[in-house]
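Trainee: no sequence on this one, just coordinates:
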């Protein structure tokens, strides 16, 4: 059973991480290609595709006026197998005022890269994520959107659906006060708490009871970016950026029972 649990955890981690996916399909060739990323400041930075840019309202055409300070130069051989990035300069993206989004100058072509995840094996406590996005108080959050990732539309197709949009200051302050102090318990503790009682037969039958009632929360920030967190009420956990946060019953009830303001 241990192997099945580890495989499931790897799948969950991929879904909730800052990376958009492990592999990306090149639709023009019908092939699957590795994502493009580089290492900087103890983190992976991934090339952001058009879908991500659209969701975050990040415009594609970047000029020198959008560039902040030069912060890095990509060494040879550190970004996939594309040598075109060798010695490319990396700049701050002035519009977002955070370490979450940077601009890479690929031989005169400006490309947007975003924070994917940390490289080290230290716990991904919420504080580390908030620092990357330059969030220091609830005032840095415009609103919080709640999504149901497994909602079914009128013709029976499963599509993410907005459940609530919270703009009320009290709600945002409460959410932020809980999240900022969350500690990553690590995979071993998470496995024991969430799946310790799951039988071999349940795994063989495609155990997914922990997904019941799942909600995804997007913290929409004043700098235009978003932090995504997934809440699993059945197991009392919240996940984000490869971290596993065991939350209190009070906060779980707060998330489950609140409606839009």
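Mentor: Arrived safely. What you see is a predicted model; the values in this text were computed from it and never measured.

Trainee: list the contacts of the spatially closest residue to residue 139 that is not a sequence neighbour.
Mentor: Counting by C-beta to C-beta, 6 or more residues apart in numbering, residue 139 lies nearest to residue 222, which is 7.6 Å off, once chain neighbours are set aside. For every residue, glycine as well, the C-beta is placed using N, CA and C. Shown in contact with residue 222 (C-beta atoms under 8 Å, 6 or more residues apart in numbering): 139-142.

Trainee: quick one: which of the residues you listed has the most company?
Mentor: residue 141 (21 neighbours; other C-beta atoms under 10 Å).

Trainee: and the gap between that one and residue 217?
Mentor: 11 Å (C-beta to C-beta, to the nearest Å).

Trainee: how about residue 105?
Mentor: 34 Å.

Trainee: neighbour count winner among these two?
Mentor: The neighbour comparison of residue 105 against residue 217 (other C-beta under 10 Å) goes to residue 217, with 22 against 19.

Trainee: right, and the more buried one touches residue 149 too?
Mentor: No: counting by C-beta atoms under 8 Å, residue 217 stays clear of residue 149, with 11.0 Å between them.

Trainee: host element of the residue of the chain most remote from its centre?
Mentor: For the chain, the largest distance from the centre (C-alpha atoms, centre = their mean) belongs to residue 201, which lies 31.8 Å off. In the assignment (DSSP states H and E), residue 201 maps to helix 200-204.

Trainee: which SSE is immediately downstream of that helix?
Mentor: That would be, after helix 200-204 and using DSSP H and E, strand 215-221.

Trainee: so which elements touch that following strand?
Mentor: strand 141-148, helix 169-179, strand 226-232 (3 or more C-beta pairs under 8 Å, 6 or more residues apart in numbering; DSSP states H and E).

Trainee: and it, which residues are buried?
Mentor: By 16 or more other C-beta atoms under 10 Å, the buried positions in strand 215-221 come out as 215-221.

Trainee: just the angle for it relative to helix 169-179, thanks.
Mentor: For strand 215-221 and helix 169-179, the angle between their directions (axes from the mean of the first three to the mean of the last three C-alpha atoms, to 10 degrees) works out to 110 degrees.

Trainee: partners of strand 215-221 in the sheet?
Mentor: Its sheet considered, strand 215-221 pairs with strand 141-148 (antiparallel), strand 226-232 (antiparallel) by DSSP bridges.

Trainee: now do the contacts for residue 182.
Mentor: 125-126, 238, 243, 245, 247.

Trainee: which non-adjacent residue is nearest residue 216?
Mentor: Nearest one to residue 216, counting by C-beta to C-beta, 6+ apart, is residue 147 at 4.4 Å.

Trainee: now do residue 174
Mentor: residue 254 (6.7 Å).

Trainee: all strands of the stretch 51-200 of the chain, in order?
Mentor: 67-73, 89-93, 101-106, 109-118, 141-148, 161-166 (DSSP state E, counting those that start in this stretch).

Trainee: who are the packing partners of the third one?
Mentor: Read it as strand 101-106. Counting by 3+ C-beta pairs under 8 Å, 6+ apart, strand 101-106 packs on strand 67-73, strand 89-93, strand 109-118.

Trainee: could I get these as TSV with mean pLDDT and mean neighbour count?
Mentor: Formatted as TSV, the helices and strands packed on strand 101-106 follow (pLDDT from 0 to 100; neighbours: other C-beta atoms under 10 Å):
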stretch	mean pLDDT	mean neighbour count
strand 67-73	95	13
strand 89-93	95	19
strand 109-118	90	20
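
Trainee: okay, now the unreliable bits of the stretch 151-261 of the chain?
Mentor: 151-160, 203-207, 258-261 (pLDDT under 70).

Trainee: again, only this time at 80
Mentor: Applying pLDDT under 80 to the stretch 151-261 of the chain picks out residues 151-162, 194-213, 257-261.
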